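**Q** Have a look at this fold, sequence not included:
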């Protein structure tokens, strides 16, 4: 049976929280793994500090327009995952959930012009009738495309206004990446080589590091296409 509650002391190390403040914390509902998401309650109360209690979060969601990836939300348990974009136009808040260099979830302020772009990793592919392909993305979204030029592990920059793929970033040599798991979680680098299940990347400091290719999330060509740290 899946537990609907979550104790603060048992939360993932990726969450920057005071562990002993209260016993329980709102468990998020989303397509992301638990380590790569936070509930909207935690974001508004513990990170953005625009509310002090869950009751205030409920009031904000009911009376103000709060958007995640361009869609208005009212559920206080909805999960906001890695690379998702949170906007609250009434108070001019626009930010992306990302990872810092220590592998912890952080909110990165972004320009309003960047807020309708969502960067997402392809987890799986499904072939549909009539030659179409369904891309199963990292945050649980499914995206249907006409031409199957995408591979598992590639990333897409999606224009949420136009509901279309704006750019495609293959997982390959010279791709800019950020690690979403492992002991180097949150580190950025440029892919130098890929062999089997492993890849070698070069950090900003010039170090060469080997990791599993599944830990890498492509964020651009040589440089991140969006602000991530």
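**A** Thanks, I have the structure now. Everything numeric here is computed off the predicted structure, so don't read it as measured data.

**Q** any chance you could map the helices in this structure?
**A** With DSSP state H, the ranges of helices along the chain come out as 40-42, 54-63.

**Q** winner for burial among these?
**A** Comparing the helices of the chain by mean neighbour count (mean count of other Cβ atoms under 10 Å), helix 40-42 ranks first with a mean of 25. In short, each C-beta sits where N, CA and C put it, glycine included.

**Q** mind listing what the residue nearest to the spatial centre of the chain touches?
**A** Residue closest to the mean C-alpha point of the chain, counted by Cα atoms, centre = their mean, is residue 82 at 1.7 Å. For residue 82, the contact set (Cβ atoms under 8 Å, 6 or more residues apart in numbering) comprises 32, 36, 37, 97, 98, 99, 105, 138, 139, 180, 217.

**Q** sorry, back to before: and the helices of the chain as CSV, adding distance to residue 16 and mean pLDDT?
**A** Output for the helices of the chain, formatted as CSV (distance: least, Cβ to Cβ, whole Å; pLDDT from 0 to 100):
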stretch, distance to residue 16, mean pLDDT
helix 40-42, 10, 92
helix 54-63, 18, 94
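
**Q** hey, what's residue 169 bridged with?
**A** Beta-bridge pairing of residue 169 under DSSP bridges involves residue 155.

**Q** do you know which of the helices of the chain lies nearest residue 172?
**A** Closest approach to residue 172 among these (Cβ to Cβ): helix 40-42, 35.1 Å.

**Q** And for that closest one, what's in contact with it?
**A** Helix 40-42 has contacts (Cβ under 8 Å, 6+ apart) with 15, 17, 25-26, 28, 54, 57, 61, 66, 68, 73, 75-80, 86.
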